[in-house]
Each structure stands twice: as C-alpha cells, then as structure tokens.
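In: predicted model and sequence follow; I will ask about them next.
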Amino acid sequence: MNRYPANQGSIDTLNHATYHNSGTNGNRGTRPHPSLDPHQIIRSSSTRNIEGIRNEISRLTEVFNEKKDLLDSLTVTLTTARREELWGHTPALAEESVMAEISHLTKRNAFLKHKLSIAHDIEKQLASDWHVINKQNEFKAVQKQIGKIKEEIQTLEVVRQRRKPRIREIDSEVSRARYLRTKQRAYTSEARIQFKMLTDELRRITKEDIKAHDRCIHLQEQLKSGITIKELEALKKSIEEQEKTIQNLLVEEQSCRRRKEIEREEKYKVIAKEQQDCKLLENEVIELQRQLLDKDLEFHRSYQFSLS
C-alpha cells in the first residue's frame, strides 16, 4: 500500500519522464544497449560529419542537464519524505522507492557520461581522420574561391558603374552622329531639288535665247528682202529693245547663277563639314567600342583564369 501518495506521485512522474525520454530517444543512442561497443560506434559513425557529432553532443548534454534537474527535484522530494518521516509516517516504502530512483538515476547519469565520453572520442577521431581533414581543406578552398569570386563580382560591379557615364557618352555621340547623318541627307535632298530648279531655269533661258536668235535672223532676212524706212526703224527699235531685254536676261541669268553657285558652295561646305564630323564621330565610336570589347575580353580572361 502506498502510504505517501503525494511524494509517490512526484516520483512516478519523474520515472515516467525519465523512461519517456529514454524511449523517444532510443533510436538516437540514449537507451543503454547490452552490447554497446565504442569501436563499433566509431566505425558506424565514421561517415558522419563533425557537425552531426556536435549536435549529438549538445543533445546528450541537454539530456544530462535534464537528468540533473530531475535529480535536484528528487532531492526536494527526499527532503519532503524525510519531513513526513519525522511527522510520524512509515518511512520504509518511501525510502525504498527513493533509493531505487536514486540508484536508477545514478546508473542513468553514469551511462550518459559514458555516452558523452564516447561522443568526445568519436569527435576527436573524426577530427584526426584524413577524410574529414580533406573535406575541411576542400571546404576552406571552396570558401576561399567563393571569396575571390565575390571580390571579382564587386570589382566587375565597380567597373560597370564606372563605365556607365562613358557608355552614356557613347550613346549620346551615336545619337548625334545619327542626327548629323539625317541632317546631311536633308541637305543633300534640298541641294538636289535646287540643282534641278536651276537646271530647268537654265533650259528655259536657253530656249528663249534660241528663240530671240531665230527672230533676229528672220528679221535680217526680211531686211534683205526689202522693207520701208519706217519698218526698218521699227525693226531696229524692236531689235534694240530685244537686245536690251536679252542683255538684262543675261545679266539676271549671270546673277542668278552666281547666287545659286554661292549658295551651292556654302551648302557643299556645310555638307562636307558635317560629313567630316560624322566620320570622326563614327571612328571615335568604333574605337570606343573596340576598347570596350578589349576590356570585356580581358575581364573574361581574368575571370576564367581565377576559376581555373
């Protein structure tokens, strides 16, 4: 018969928590095994990484601390049981249960310490294993390479930021070259139209000159055939007026030609200057693009060399 229901309930609760932790963590190595061999554990754990072993050690340390807390709680329970004994209760059953719990917890604590020492031995052996050392060296090499790649990425980003203004300048120069080329085409088209107009005007003046010359020949033939003095004077007057008209037309033609030639020469000069500017801009754009391509190739080669 249980003569200490309150204390026995606390002890049963502690026992239940202890065996519950042992049952739930049995697959992870906390339940004692009759054939526990440290060498076998080391061989079976050789494939684990150090991080997993450290996690296992942390978990076992937590279990150890939990058992220590349970032992402290049990000490409080023993103190309560001792008080009840002094108050006149029968201490036999309570003391036997408490001693059994103390024995169980002591064995459990020793087992966990043994497991913890085995885990420390496994960690030391894995730390000196050449496979682990090689993996650690490979990991450090990969981290170093990642650091170099990050530095190269930062360098490339800085270069890209520095190139942005120059790229914008190149784009503006290309846009200006396109604008000048369009303007040159407009000037060329306008010059062709004016040249056509001047050619048509020259043809018209030439036709009028031919007509006036034919009229003069016709009048001379009429004079030879015999005409009156009045008609001769009228013809002379008409010829003089026509000659004046022809002279005026010739002067106007020369002035128009001179004016058109001056305008054409000025436009040709402007067009030639624009063409020269366009060519210079195109050469500069080609040179800048070549330099940009050389820089890109140089950065690609350095990046490939760093990777290799």
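Out: Looks like it arrived, so ask away. Numbers count the residues shown, from 1 in each chain.
In: show me the protein divided up by domain.
Out: Domain assignment for the chain by automatic domain parsing gives 5-128, 142-307.
In: and of those, who's closest to residue 136?
Out: Among the domains of the chain, domain 5-128 comes nearest to residue 136, with 8.3 Å by CB to CB. Placement of C-beta: from N, CA and C, glycine included.
In: what's the most buried one of the domains of the chain?
Out: Of all the domains of the chain, domain 5-128 has the most neighbours on average by mean count of other CB atoms under 10 Å, namely a mean of 14.
In: rounded mean pLDDT for the helix or strand containing residue 133, please.
Out: Per DSSP states H and E: residue 133 is located in helix 130-225. Average pLDDT, helix 130-225: 84.
In: now the element after that helix, going C-ward?
Out: As assigned by DSSP H and E, the chain's next helix or strand after helix 130-225 is helix 229-307.
In: now that following helix: how far from the chain's centre is it?
Out: The chain centre lies 48 Å from the centre of helix 229-307; the measure is CA atoms, centre = their mean, to the nearest Å.
In: look up how far residue 210 lies from residue 217.
Out: 11 Å (CB to CB, to the nearest Å).
In: likewise residue 148?
Out: Separation of residue 148 from residue 210 (CB to CB) stands at 89 Å.
In: repeat that for residue 173.
Out: Distance check for residue 173 against residue 210: by CB to CB, it reads 54 Å.
In: same question for residue 186.
Out: Between residue 186 and residue 210 the distance is 37 Å, computed by CB to CB.
In: kindly report the same for residue 263.
Out: Computed as CB to CB, the residue 263 to residue 210 distance reads 27 Å.
In: same check on residue 253?
Out: In terms of CB to CB, residue 253 sits 14 Å off from residue 210.
In: spit out the contact partners of residue 277.
Out: residue 180 (CB atoms under 8 Å, 6 or more residues apart in numbering).
In: packing partners of the helix holding residue 133?
Out: The elements that helix 130-225 packs onto, with contact taken as 3 or more CB pairs under 8 Å, 6 or more residues apart in numbering; DSSP states H and E, are helix 229-307.
In: mean confidence for the helix it packs on?
Out: The pLDDT scores in helix 229-307 average 80.
In: send the alpha carbons of stretch 162-175 over as PDB?
Out: Taking C-alpha atoms only, stretch 162-175 is exported to PDB below (Å, rounded to 0.1, in the frame of the first residue of the first chain):
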ATOM      1  CA  ARG A 162      32.500  53.500 -63.800                       C
ATOM      2  CA  ARG A 163      31.700  52.600 -67.400                       C
ATOM      3  CA  LYS A 164      28.100  53.800 -67.200                       C
ATOM      4  CA  PRO A 165      29.000  57.500 -67.800                       C
ATOM      5  CA  ARG A 166      31.200  56.600 -70.700                       C
ATOM      6  CA  ILE A 167      28.600  54.300 -72.200                       C
ATOM      7  CA  ARG A 168      26.100  57.200 -71.900                       C
ATOM      8  CA  GLU A 169      28.600  59.400 -73.700                       C
ATOM      9  CA  ILE A 170      29.000  56.900 -76.400                       C
ATOM     10  CA  ASP A 171      25.200  56.600 -76.800                       C
ATOM     11  CA  SER A 172      24.900  60.400 -77.000                       C
ATOM     12  CA  GLU A 173      27.700  60.500 -79.600                       C
ATOM     13  CA  VAL A 174      26.000  57.800 -81.600                       C
ATOM     14  CA  SER A 175      22.700  59.700 -81.400                       C
END
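In: and it, how far from the chain's centre?
Out: On the basis of CA atoms, centre = their mean, stretch 162-175 sits 20 Å off its chain's mean C-alpha point.
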